[in-house]
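Enquirer: Return a 3D structure for these sequence lines:
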Amino acid sequence: MQRTTKIVATLGPASSEPAILKAMLEAGVDVVRMNFSHGASGEHIARAELVRKLAAEVGRAVGIMVDLQGPKVRIGKFAEGKVALKRGDRFVLDADCALGNEERVGLDYKELTTDVGRGTVLLLDDGRIQLTVDEVKGRQIFTHVNQGGTLSNNKGINRQGGGISAPALTTKDMEDIRTAAQMEADYLAVSFPKSSADMYMARTLLHAAGGTAMLVAKIERAEAIPALEDILNASDAIMVARGDLGVEVGDAAVPALQKRMIRRARECNKLVITATQMMESMIASPIPTRAEVSDVANAVIDGTDAVMLSAETAAGQYPLETVQAMARICLEAEKEQARSPDEAFLQRVFTRIDQSIAMAALFTAHHLKVKAIVALTQSGSTALWMSRLDAGVPIYALTPEIGTSRKAAMFRGVYPVVMQYHTRDSETLLAEAEEVLLSHRIVQEGDLVVITIGEPIGKSGGTNTLKILKVGTHRQK
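Expert: Coordinates of the predicted model:
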């Protein structure tokens, strides 16, 4: 059984050694995430080259996702590295403070003073510390501690319910977008977008830099929830970034939001990644907790395209074992999925010929019980649309574009295969496609496959033909 759900793994100190990274790719990593919160552009470019080299060695299409840092809404540093805060303590967030102490700490994000007022609740260190604002005087925010604990250097700040005005794209992000374009990144993840305007700006900057990456909106601000439809329309994918989102909207609200986001993304023909703390215990343990197993499995059953590992593979003690465990969980969860797409077909309205062909291929494959669906595709769009509904049949994207194959590595249930188109004659091309399918042991002679193709050959976005083919018929001519 092939795994349909894809695995995104974050690259870091624990996974940068070529031998470890190669083993992770062999174990099933489909997309490598590069966190631009750390490291210089030259280091990122060198790592991208290593990923591509190792992917070629293991014979797999592997995508690269650049994750922009976004605005740093954080406290500054303490003279002693950390302080202990108790409930009822008075504590000042001071934009002019150089080194903090038990009474005050500095702010990396100086504009926070204009985003809060009396009664505002601020959540620090992923909500572990809770402060309520008493008053704001100039560049100082006076608070009292509702929930105490140990507070250390550079911890993040969230405003309960959202409302921090920091722009999604910083000056650093704009530079990093150019680096992403230079390394030919396949995905670009934008941190903390509040609206579709943030995504349109990122796309404009990316295209101006010559990049072709698919855009991922990380849904982690409270403001992004009511704007979800517009953000989806402006993006190619969304990430359910449960860390900051859970802090801003409350942890109890996240599971239902996750299900809603996965459903809407698929309905809108967009990709969706489920992320944050999926296998957190495996940072220091060779096996996951039962709760983590259920968490990953539920995301798979809900239809997420990909599940993501962060610190588990970037800094954990067991990066390879974590990937292996996640792959096992995905495979088991996929066995339990209901596959009856007929109702979903009836609810869809198609206005484009290529989309209609994609849906017709799924419907035919489901009822005819074919071995595979094969999309001869330049851009990958046909394979993407097919992957939005589960017909229980594997989808193979045969493309001459290496960039398309890397992007398709994220599509749920899609397996990219690079195939050069040596002809513009459709019958000859189908014969060549048969040879590729047979050489990769995807099919055997006599198998039925559904093939979609665009005529004239080589025109992107021109899929207009569906054929049902018995493997071997073209070889005999």
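
Enquirer: CA only for contacts and neighbour counts going forward, please
Expert: Will do.

Enquirer: Could you list the domains of the chain?
Expert: 6-70+167-334, 77-159, 342-470 (automatic domain parsing).

Enquirer: Now tabulate those in JSON lines and tack on mean pLDDT.
Expert: As requested, those are exported to JSON lines (pLDDT from 0 to 100):
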{"stretch": "domain 6-70+167-334", "mean pLDDT": "96"}
{"stretch": "domain 77-159", "mean pLDDT": "95"}
{"stretch": "domain 342-470", "mean pLDDT": "87"}
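
Enquirer: Can I get those domains in a markdown table including mean neighbour count?
Expert: Listed next are the domains of the chain as a markdown table, based on neighbours: other CA atoms under 10 Å:
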| stretch | mean neighbour count |
| --- | --- |
| domain 6-70+167-334 | 20 |
| domain 77-159 | 18 |
| domain 342-470 | 19 |
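
Enquirer: so who does the spatially most central residue of the chain touch?
Expert: Relative to the mean C-alpha position of the chain, the nearest C-alpha, by CA atoms, centre = their mean, is the one of Ile273, at 4.0 Å. When contacts are counted by CA atoms under 8 Å, 6 or more residues apart in numbering, Ile273 touches Ala237, Ile238, Met239, Val240, Thr304, Asp305, Ala306, Val307, Met308.

Enquirer: swap in Ala256?
Expert: Applying CA under 8 Å, 6+ apart, no residues contact Ala256.

Enquirer: Mind telling me what element it is part of?
Expert: Assigned by DSSP states H and E, Ala256 belongs to helix 254-267.

Enquirer: downstream neighbour of that helix in the secondary structure list?
Expert: Past helix 254-267, the next helix or strand by DSSP H and E is strand 271-275.

Enquirer: That following strand to helix 254-267, inter-axis angle?
Expert: Put simply, strand 271-275 runs at 160 degrees to helix 254-267, going by axes from the mean of the first three to the mean of the last three CA atoms, to 10 degrees.

Enquirer: Quick check: what element follows strand 271-275 along the chain?
Expert: Later in the chain than strand 271-275, the nearest helix or strand by DSSP H and E is helix 290-302.

Enquirer: Please, where are all the strands along the stretch 1-150 of the chain?
Expert: 6-10, 31-35, 63-67, 77-78, 82-85, 90-94, 99-100, 104-105, 121-124, 129-137, 140-147, 149-152 (DSSP state E, counting those that start in this stretch).

Enquirer: picking up where we left off before, closest to Thr143 among the contacts of Ile273?
Expert: Relative to Thr143, the closest of the contacts of Ile273 is Val240; by CA to CA it sits at 31.1 Å.

Enquirer: Please name the residues that touch the nearest residue to that closest one once chain neighbours are set aside.
Expert: Counting by CA to CA, 6 or more residues apart in numbering, Thr274 is the residue found nearest to Val240 once chain neighbours are left out, at 4.9 Å. Contacts for Thr274 (CA under 8 Å, 6+ apart) come out as Met239, Val240, Ala241, Gln258, Ala299, Thr304, Ala306, Val307, Met308.

Enquirer: mind checking how far Thr274 is from Arg441?
Expert: According to CA to CA, to the nearest Å, Thr274 stands 31 Å off from Arg441.

Enquirer: again with Glu220
Expert: With CA to CA as the criterion, Glu220 and Arg441 are 42 Å apart.

Enquirer: Mind putting the strands of the stretch 1-150 of the chain into TSV with distance to Met214?
Expert: Converted to TSV, the strands of the stretch 1-150 of the chain look like this (distance: least, CA to CA, whole Å):
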stretch	distance to Met214
strand 6-10	15
strand 31-35	13
strand 63-67	9
strand 77-78	36
strand 82-85	40
strand 90-94	38
strand 99-100	41
strand 104-105	39
strand 121-124	32
strand 129-137	36
strand 140-147	40
strand 149-152	36
